[in-house]
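**Q** Return atomic coordinates for the entry below.
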Amino acid sequence: MLQALKSKLISARRRLAVATGFARREEGAAALEFAIIAAPFLALILASMQTALAFFAGQVLESAVADSSREILTGQVQNAGMTQSQFASAVCAKVQALFSCGGLMIDVQTAASFSAANTSMPTLTFNANGQVNNNWSYNPGNPGDIVVMRVMYQWPVFTGPLGLGLANEANGKLLLMATSVFKNEPYTGP
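**A** You can find the predicted model right below:
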């Protein structure tokens, strides 16, 4: 019996020595540390890329609105007799490399004064298929009119591995909006 107890004690010491030796080894420490840090690091990289891309898209939309509003301001749109769809095509030509033309929402209205100009983010309504069904105005105005031009686009975003997302709409997309408020120049007709 004493012999069996001694052999169990020796076996336990050997297992403890092996476990202690395993705990002291450092060959896999870098791989283990990387495995712990990799997921948050990749999530941070993806979130940074998505934020940068959304910001870039917003800037492209702002530039297109500035260019297009200049065409209304100087009377080029009115003198050409552009319809709402023709104007939408002209705006789309400025952003088609980054945006889907069918997703652009263009609203052009006149206002009685600058303080009465509606520059707020609209509430979007959706049909049964999940498509926006708001009615957008198209009134580029006459010489001397105050005009408000808003262009909106639902930018697709994804929720990252940490559950953070940029979406500000119920459908999980980010509504980008660029606005320009200006007073038409005293242009003359053709």
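**Q** C-alpha from now on. contacts and neighbour counts both.
**A** Noted.
**Q** Reduced to three states, what does the closest residue to Y138 other than its chain neighbours come out as?
**A** Nearest non-adjacent residue to Y138, counting by CA to CA, 6 or more residues apart in numbering: V108, 4.6 Å away. At V108 the chain is in strand, as set by DSSP: H, G, I helix; E, B strand; the rest coil.
**Q** Let me know how buried V108 is, in neighbour terms.
**A** The number of residues packed near V108 is 21, by other CA atoms under 10 Å.
**Q** That one reaches I146, doesn't it?
**A** No: look at V108 against I146 with CA atoms under 8 Å: they stay out of range, at 10.6 Å.
**Q** Could you list everything the residue nearest to Y138 pairs with in the sheet?
**A** Y138, M149 (DSSP bridges).
**Q** Check what pLDDT it gets.
**A** For V108, the pLDDT comes out at 97.
**Q** ok, now how distant is it from W155?
**A** Distance check for V108 against W155: by CA to CA, to the nearest Å, it reads 21 Å.
**Q** One more: G81?
**A** 31 Å.
**Q** more neighbours, those two?
**A** More crowded of G81 and W155, by other CA under 10 Å: W155, with 20 against 11.
**Q** Pull the contacting residues for the more buried one.
**A** 54, 173-176 (CA atoms under 8 Å, 6 or more residues apart in numbering).
**Q** what do you get for V60?
**A** Contacts for V60 (CA under 8 Å, 6+ apart) come out as V95.
**Q** just N142 next, same as before
**A** So N142 contacts 75, 78, 184 (CA under 8 Å, 6+ apart).
**Q** mind running it again at 7 Å?
**A** Applying CA atoms under 7 Å, 6 or more residues apart in numbering to N142 gives the contacts N184.
**Q** What backbone torsions are found at A52?
**A** The phi/psi pair for A52 (degrees, to the nearest 10) reads phi -60, psi -40.
**Q** repeat for M82
**A** When read as degrees, to the nearest 10, the backbone of M82 gives phi -70, psi 130.
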